[in-house]
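S.K.: got a predicted structure plus its sequence, pasted below:
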Amino acid sequence: MASQSTPRTVFIDALVAQLAEARAACTQPRTHQRLVLLSLALLTSLGRHTITQLLVTLGVGDADWSAWYRLFNAPRVRMDRLGRQTVVTLVDRLERHAPLVVALDATHLYRSGKQIPGTGWVRAAATAVFRRGLARAQRWVGLNGLLPRSATGDSRAVPLRWEPAPTPKATALSGHPPRPEWTVGVRLLCWLRRTLDSLGARQRRILAVADGAYSGAELWRALPARVTLLARCAKNRALFDLKPADDTDKRRKYGARLPTPQQMLAERSGWRTVPIMVRGRAVRLRATVVGPCLVKPAAAVPLYLLVVRGVAASSSHRRRQPTFLLVNARRDGHGGWMLPYPVADLLGWAWQRWEVEVLHRELKSGFGLGQQQAWSDAGTVAVTQWVVWVYAVVVLAGYQAWGYAVPTGGGLGRWYTPRRWSLALLWQQARMALWGLTDMQPGFARSPDTWAAMTAWWASQSSAARGYRRI
């Protein structure tokens, strides 16, 4: 490795440091060694990302595989400690008084067998809309952190902790009974709150953004302390005013019925223009704030409704539907209620929830999530959480090395210079940095010029190239 510090060596140093910190989550040193080797193979493998394929990439495909599989089936790695490590690394990147912004969302990992734990029937994605098919899949709920928003409105999602959420008709999964999606979301938020408190960050507030699946009254009542939730709501959601102060009826908990969010779009007054930056472009939103208000049956949790007007399709604008968001209120210190954060911050972070969709796409298509063989109850959970953790480690290392800027030499295969690094570019840079290390050069040597030397090189090609069985 070069003696002087370069962006690429900073990336390698950050990656190696986070892999080394995983020792606290492993029961034995050799367990940690196998975890690190599999993590590096996950980055450099050119084929499918099954455990067997990763062993072929490491050059141990002809050896006994049992010890590598027991790494997850036993299990011998504390996945909760790996998630805690990711939280620590992410919090270190935040400003002192900035909230930790996270996003809750669920996704499906498609499986092929009915006996695989946690799988159930879901609508198949790769079928026609007018004739939906069925597929077996595992449902997972992910708690994903969002990196600090730049001045140009850029951010990246970092998975902190994922848990399965089996449906009632899914194959039994030990330790994870069937439960609704929002229940798992509350468990994840409680885990994050306890983790921050144990790290001495009790004053660090949490801002969670989510879709409409997390805006039910049961979730608002179960929300942990010092946690703000910003979630979409239905356009016909029933909202109620606060109970008047002079109302002496103890049985009454709600005030008058308010117009639905859809009906509030017809209001002519109360609208304001909120400019926000989103991925390098300025967006001017027309929004209004209504509240505090209540939803049934959560009379003890005052909420604010944010209504954002849509945009009709034109030559200069894409069509955008109206957006309705609910956020729990905060005490103003004078017996009243106020918004927990400025409207511009709330709308800016709500827009960044799309980074979670990018995370799901990259994890499945580029990182091989869901391809690993897992037939035991412990293995099917541990191997998924491990892949998600490796993804988080690489993204955090890239952010530490380059911020959001494109690293030098990051325009390979492009005729233009990107504004920020993409996930595909990050995987490319990770492979270039790893293959440039002295320990990995013999396995990834460049092709020579002379025919005789080229023949010898072809006979000793890298394990990653040998392991790639598809063209």
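M.R.: Yep, it's here.
S.K.: which secondary structure elements does the lengthiest helix in the chain sit against?
M.R.: If you go by DSSP state H, the chain has its longest helix at helix 377-402. If you count contacts as 3 or more CB pairs under 8 Å, 6 or more residues apart in numbering; DSSP states H and E, helix 377-402 packs onto helix 7-21, helix 29-44, helix 66-73, helix 79-91, strand 134-146, strand 157-164, helix 354-365, helix 423-435. Using the backbone N, CA and C atoms, a C-beta is placed for each residue, glycine as well.
S.K.: how far off strand 134-146 does that helix point, in degrees?
M.R.: 40 degrees (axes from the mean of the first three to the mean of the last three CA atoms, to 10 degrees).
S.K.: what helix or strand is Ala350 on?
M.R.: Assigned by DSSP states H and E, Ala350 falls within helix 343-351.
S.K.: what comes up buried for that helix?
M.R.: Within helix 343-351, the residues scored as buried using 16 or more other CB atoms under 10 Å are Val343, Asp345, Leu346, Leu347, Gly348, Trp349, Ala350, Trp351.
S.K.: so the last one is in contact with Val278, correct?
M.R.: Looking back up the chat, that one is Trp351. Yes - assessed by CB atoms under 8 Å, Trp351 is found in contact with Val278 at 5.2 Å.
S.K.: quick check: neighbours shared by those two?
M.R.: Shared contacts of Trp351 and Val278 (CB atoms under 8 Å, 6 or more residues apart in numbering): Gly153.
S.K.: what's the following helix or strand after the strand ranked longest in the chain?
M.R.: Scanning the chain for the longest strand, with DSSP state E as the assignment, gives strand 281-295. Scanning forward in sequence from strand 281-295 by DSSP H and E, the next helix or strand is strand 298-308.
S.K.: ok, of the buried residues of helix 343-351, which one's closest to Trp68?
M.R.: Within the buried residues of helix 343-351, proximity to Trp68 (CB to CB) peaks at Trp349, which comes in at 40.2 Å.
S.K.: quick one: contacts for that closest one?
M.R.: Val101, Leu146, Arg149, Leu207, Val209, Leu230.
S.K.: buried subset of those?
M.R.: For the contacts of Trp349, buried by 16+ other CB under 10 Å: Val101, Leu146, Arg149, Leu207, Val209, Leu230.
S.K.: follow-up on the earlier one: how far does the helix holding Ala350 sit from the chain's center?
M.R.: 18 Å (CA atoms, centre = their mean, to the nearest Å).
S.K.: do stretch 160-176 as well
M.R.: 18 Å.
S.K.: mean confidence for it?
M.R.: Averaged across stretch 160-176, the pLDDT comes to 91.
S.K.: just stretch 55-69 next, same as before
M.R.: Mean predicted confidence for stretch 55-69 is 81.
S.K.: can you get me the start-to-end distance on that stretch?
M.R.: 10 Å (CA to CA, to the nearest Å).
S.K.: go through it and flag the buried ones.
M.R.: Buried positions in stretch 55-69, judged by neighbour count with 16+ other CB under 10 Å: Leu55, Val56, Thr57, Leu58, Trp68, Tyr69.
S.K.: my guess is the fourth one meets Leu42, correct?
M.R.: No - with contact taken as CB under 8 Å, Leu58 and Leu42 are classed as non-touching, separated by 10.5 Å.
S.K.: so what strands line up beside the helix or strand hosting Leu326?
M.R.: Leu326 belongs to strand 323-328 when assigned by DSSP H and E. Strand pairing for strand 323-328, using DSSP bridges, gives strand 227-232 (antiparallel), strand 298-308 (antiparallel).
S.K.: relative to helix 343-351, how tilted is the first one?
M.R.: For the pair strand 227-232 and helix 343-351, the angle between their directions (the same axes, to 10 degrees) equals 70 degrees.
S.K.: what's the offset of strand 227-232 from the middle of its chain?
M.R.: 16 Å.
S.K.: and the helix or strand following it, what other elements does it pack with?
M.R.: Once the chain leaves strand 227-232, the next helix or strand it forms, by DSSP H and E, is strand 240-241. Helices and strands touching strand 240-241, by 3+ CB pairs under 8 Å, 6+ apart, are strand 281-295.
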